[in-house]
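Chemist: structure of the sequence below:
(one chain, ligands or ions: 1)
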Amino acid sequence: MQSRFGHRLAAIDEGVTREGAFYLFTLRLVPLVPFFVINLAMGLTRLKTATFYGVSQLGMLAGTVVYVNAGTQLSRIDSLGGILSPGLVGSFVLLGLFPLIARRFVGVLRRRKVYARWAGARPKRFDRNMIVIGGGAAGLVTSYLAAAAKARVTLVESHAMGGDCLNHGCVPSKTLIRSARLANQVRRAAEFGIGCAEPLVDFGQVMERIRRVIADIAPHDSAERYTAPGVDVMRGRATLVNPWTVAIERADGGTQTLTARSIVLATGAAPVVPKLAGLDAVDWRTSETLWTLRELPRRLVVLGGGPIGCELAQAFARLGSLVTQVEMAPRLLLREDADVAAVVRSALEHDGVRVLTGQRALRCGREGGAQFIVVGPAGDELGAGHAERIEMDLLLCAVGRVARTKGIGLEALGIPAGPVIVTNEYLETLYPNIHAAGDAAGPLQFTHAASHQAWYAAANGLLGGLARFKVDSSVLPSATFVEPEVARVGLNELEAGTRGVAVEVTRLGIEDLDRALVDGVAAGCVKVLTVPGSDRILGVTIVGEHAAELLAEFVLAMKHGLGLKKILGTIHTYPTLAEANRAVAGAWQRKHAPERLLAWAQRFHAWRRG
Ligand SMILES: Cc1cc2nc3c(=O)[nH]c(=O)nc-3n(C[C@H](O)[C@H](O)[C@H](O)COP(=O)(O)OP(=O)(O)OC[C@H]3O[C@@H](n4cnc5c(N)ncnc54)[C@H](O)[C@@H]3O)c2cc1C
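Modeler: Numbering: from 1, shown residues only. The predicted structure follows:
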């Protein structure tokens, strides 16, 4: 095997040399894999025979005792009553519990191994129960919950309290969208019988309103708000020193070192800056730097066709910019179903956005005063012959977001991180006392996902070693605030297909919905995925006016196991958009009408008529 597959086995052998004895021990202790398979597999590696023998004997000892004991007890049965003898019952209880106990033991061993290199660094007493790094949604909620549970907690924020959501994300973007929407409504005024000229957009005032709204919301996330329930809020930059110690460069110039039993990394995510030739020569911004803009760019190029790119492209187009949106993938909103993405594309195009999909940015530059970007078909890196040069005044990069992992000490501690910090289902990083939450941990980067994870980070951090809870993100809604809005919870057809989940799709267009017609927003649909033959909801996508608000009913239904029949049996106010939810439940019910019973009912009524 070595001479034939040596090159492939080399990597395995390297791992076996480092950790082989430990893994063999755990495999022997928790007998999940049959022993003969382990013997054969280990025989293919360079594990030393003496190590293999010794570790195997040791690892199998506990299990052997338990099994032999159970066997001995069994052999002693000489009457029917013996089956219920305390010895035999006890032996079988032990047999059942053994894998659990062994697993826990393996967990303890793994922990010890991870912390081994920090043996002398663990303080005898801790300054805090918990230190939270980052004052965005994840960090704020984690520290609030910890303080509410009467723990001593310090929250460290290096920039502005409230994090991305308040300062660069949800709040400014949705405020911009509100102004853009109003401009669009003014344009549509004639449809409603109101004479109006083209809206006069004062972009400076639009941005001024954004600042006012941020200022109005800021107190909700302020240091004072969190100090009151007992959080010790510190302004400064925090770095991990060891698994229990954090060094803080305070904003006032001082430095401080604090220890804590538990540390939560809630450092958020930052926009990806594309590696694009000539980028430095042009005016470019990301969602982090957009909000200081004072003048509406006449020609804007938006790179990226994800939710942020689509929201901003539509908003700027409605405010009067000539927008070109460039997306490498064959379509916008790659995570949504193709029909949903198509609706969004045509809405953007209707608002004047030039949407280029399957196109990649090749380079950009400036000639004289003119700035430009060159795009070409994705996959044709040189853009040979097909490249297009687009003149622009501003480039907005919205090509994704990656966790902020630099400069917080992850490397020194060996905590693995890629686009997000690697965690398990308990949000534990490599070190079980260091958790990560929010955008830093992913995978879904939303404010409500961050707050949701915060509960687990707080509970698992404070109860570390005593109890822990797996994050349940099975019912996590999301929305893209373009018009028409796209909101989703659970599976869509795309995900169901990828995961091989059988679903039944019920789709209801809202073109005929009374309230939608009244409001002049009769476009979109409600798409519900159910278990075939059952009303159990697996996922819902809504496209239309206030889709994110309408979704709440389905989020509640999914969370609490209510099926479509329950939604159908609920009175909805007339005329509201929410009637669409009941209507789709009705559509499902009609597909599952009890035909035989109805045939009998028909006969019954005929008989009653005489
Ligand atoms: C344009 C845009 C629109 C968005 N719209 C929505 C939306 O409509 N709905 C939605 O749900 N989500 C939206 N999001 C996503 C949302 O903003 C994030 O999911 C959310 O802010 C994540 O919160 P967080 O606490 O994980 O991280 P953040 O809010 O980024 O907070 C992390 C904080 O940690 C601080 N920090 C980092 N390193 C250190 C350190 N070493 N020491 C001290 N402090 C540190 C940072 O300064 C930051 O304040 C949007 C994002 C963008 C960019």
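
Chemist: downstream of the helix or strand hosting residue 314, the next helix or strand is which one?
Modeler: For residue 314, the element it lies in under DSSP states H and E is helix 307-319. Next helix or strand after helix 307-319 toward the C-terminus (DSSP H and E): strand 322-327.

Chemist: need the CA coordinates for that next one. CSV is fine.
Modeler: The C-alpha trace of strand 322-327 is given here as CSV (Å, rounded to 0.1, in the frame of the first residue of the first chain):
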residue,chain,number,x,y,z
LEU,A,322,-27.6,56.4,-14.1
VAL,A,323,-26.8,53.0,-12.6
THR,A,324,-25.1,50.0,-14.2
GLN,A,325,-25.0,46.9,-12.0
VAL,A,326,-22.4,44.2,-12.8
GLU,A,327,-22.7,40.7,-11.5
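
Chemist: and the following helix or strand past it, what's buried?
Modeler: Moving toward the C-terminus from strand 322-327, the next helix or strand (DSSP H and E) is helix 338-350. Across helix 338-350, burial judged by 16 or more other C-beta atoms under 10 Å covers 340-341, 343-345, 347-348. From N, CA and C alone the C-beta is placed, and that goes for glycine too.

Chemist: now what about the helix or strand hosting residue 361, what contacts it?
Modeler: For residue 361, the host element (DSSP H and E) is strand 359-367. The contact list for strand 359-367 (C-beta atoms under 8 Å, 6 or more residues apart in numbering) reads 274, 276-279, 281-282, 284, 303, 326-328, 371-379, 381-383, 387-388, 395.

Chemist: got it, and stretch 437-457?
Modeler: Contacts of stretch 437-457 (C-beta under 8 Å, 6+ apart): 134, 136-142, 145, 164-165, 169-170, 264-269, 401, 403-405, 419-421, 423, 426-427, 435-436, 469-471, 473, 476-478.

Chemist: quick one: which of these sit in helices?
Modeler: Counting by DSSP state H, these place 137-142, 145, 164-165, 170 in helices.

Chemist: ok, of those residues, which one's closest to residue 320?
Modeler: For those, the minimum distance to residue 320 (C-beta to C-beta) is 23.5 Å, reached by residue 170.

Chemist: pLDDT wise, what is the residue lying closest to that closest one once chain neighbours are set aside at?
Modeler: Of all residues not flanking residue 170 in the chain, residue 447 sits nearest, at 5.7 Å (C-beta to C-beta, 6 or more residues apart in numbering). In this prediction, residue 447 carries a pLDDT score of 97.

Chemist: go on, residue 22?
Modeler: 81.

Chemist: and if you look at residue 385?
Modeler: Looking at residue 385, the pLDDT reads 62.

Chemist: same check on residue 487?
Modeler: Looking at residue 487, the pLDDT reads 98.

Chemist: my guess is it meets residue 541, correct?
Modeler: Yes - with contacts counted by C-beta atoms under 8 Å, residue 487 reaches residue 541, the gap being 7.3 Å.

Chemist: other SSEs contacting the longest helix along the chain?
Modeler: The helix that spans the most residues within the chain, counting by DSSP H, is helix 86-115. Using 3 or more C-beta pairs under 8 Å, 6 or more residues apart in numbering; DSSP states H and E, the elements in contact with helix 86-115 are helix 2-29, helix 49-75.

Chemist: what pairs with residue 486 across the strands?
Modeler: residue 480, residue 543 (DSSP bridges).

Chemist: can you give me the neighbour number for the closest residue to the ligand within the stretch 451-600 of the chain?
Modeler: Nearest residue of the stretch 451-600 of the chain to the ligand: residue 481, at 5.8 Å (C-beta to the nearest ligand atom). By other C-beta atoms under 10 Å, 21 other residues sit near residue 481.

Chemist: check what pLDDT it gets.
Modeler: 98.

Chemist: ok, it - contacts?
Modeler: Per C-beta under 8 Å, 6+ apart, neighbours of residue 481: 173-174, 177, 307, 311, 548.

Chemist: what does the stretch 201-350 of the chain put close to the ligand?
Modeler: The stretch 201-350 of the chain has residues 237-238, 266-268, 287, 308 near the ligand, with proximity defined as C-beta under 6 Å from any ligand atom.

Chemist: drop anything exposed from the residues you listed.
Modeler: Here, 16+ other C-beta under 10 Å leaves 237-238, 266-268, 287, 308 buried among these.

Chemist: and the buried ones among the contacts of residue 481, selectable in ChimeraX?
Modeler: Selection of buried members from these for ChimeraX, criterion 16+ other C-beta under 10 Å:
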select :173,177,307,311,548
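
Chemist: now the contacts of residue 481 as JSON lines including pLDDT?
Modeler: Shown next, in JSON lines, are those (pLDDT from 0 to 100):
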{"residue": "173", "pLDDT": "98"}
{"residue": "174", "pLDDT": "98"}
{"residue": "177", "pLDDT": "98"}
{"residue": "307", "pLDDT": "97"}
{"residue": "311", "pLDDT": "98"}
{"residue": "548", "pLDDT": "98"}
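
Chemist: format the contacts of residue 481 as CSV; extra columns: distance to residue 333.
Modeler: Shown next, in CSV, are the contacts of residue 481 (distance: C-beta to C-beta, whole Å):
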residue, distance to residue 333
173, 16
174, 18
177, 16
307, 7
311, 11
548, 15
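
Chemist: low-confidence bits of this structure, can you list those?
Modeler: 31, 380-385 (pLDDT under 70).

Chemist: ok, 80 please
Modeler: Applying pLDDT under 80 to the chain picks out residues 1-15, 17-19, 29-33, 76-89, 91-104, 106-107, 110, 196-197, 379-386, 465.

Chemist: what parts of it come near the ligand?
Modeler: Residues of the chain lying near the ligand (C-beta under 6 Å from any ligand atom): 133-139, 156-159, 163-165, 168-170, 173-174, 237-238, 266-268, 287, 308, 404, 408, 438-440, 445-448, 450, 481.

Chemist: pull out the buried members of those.
Modeler: So, by 16+ other C-beta under 10 Å, the buried ones in the residues of the chain next to the ligand are 133-139, 156-159, 163-165, 168-170, 173, 237-238, 266-268, 287, 308, 404, 408, 438-440, 445-447, 450, 481.

Chemist: how close does the residue of the stretch 201-350 of the chain found nearest the ligand get to residue 289?
Modeler: Per C-beta to the nearest ligand atom, residue 268 is where the stretch 201-350 of the chain lies closest to the ligand, at 2.1 Å. Distance from residue 268 to residue 289, counting by C-beta to C-beta, to the nearest Å: 16 Å.

Chemist: can you check residue 585 too?
Modeler: Distance from residue 585 to residue 289, by C-beta to C-beta: 45 Å.

Chemist: and those two? Which one has more around it.
Modeler: Shown here are residue 585 and residue 289; by other C-beta under 10 Å, residue 585 has more neighbours (28 against 13).

Chemist: right, and the more buried one touches residue 562 too?
Modeler: No - in this structure, residue 585 is not within contact of residue 562 by C-beta under 8 Å, at 10.5 Å.
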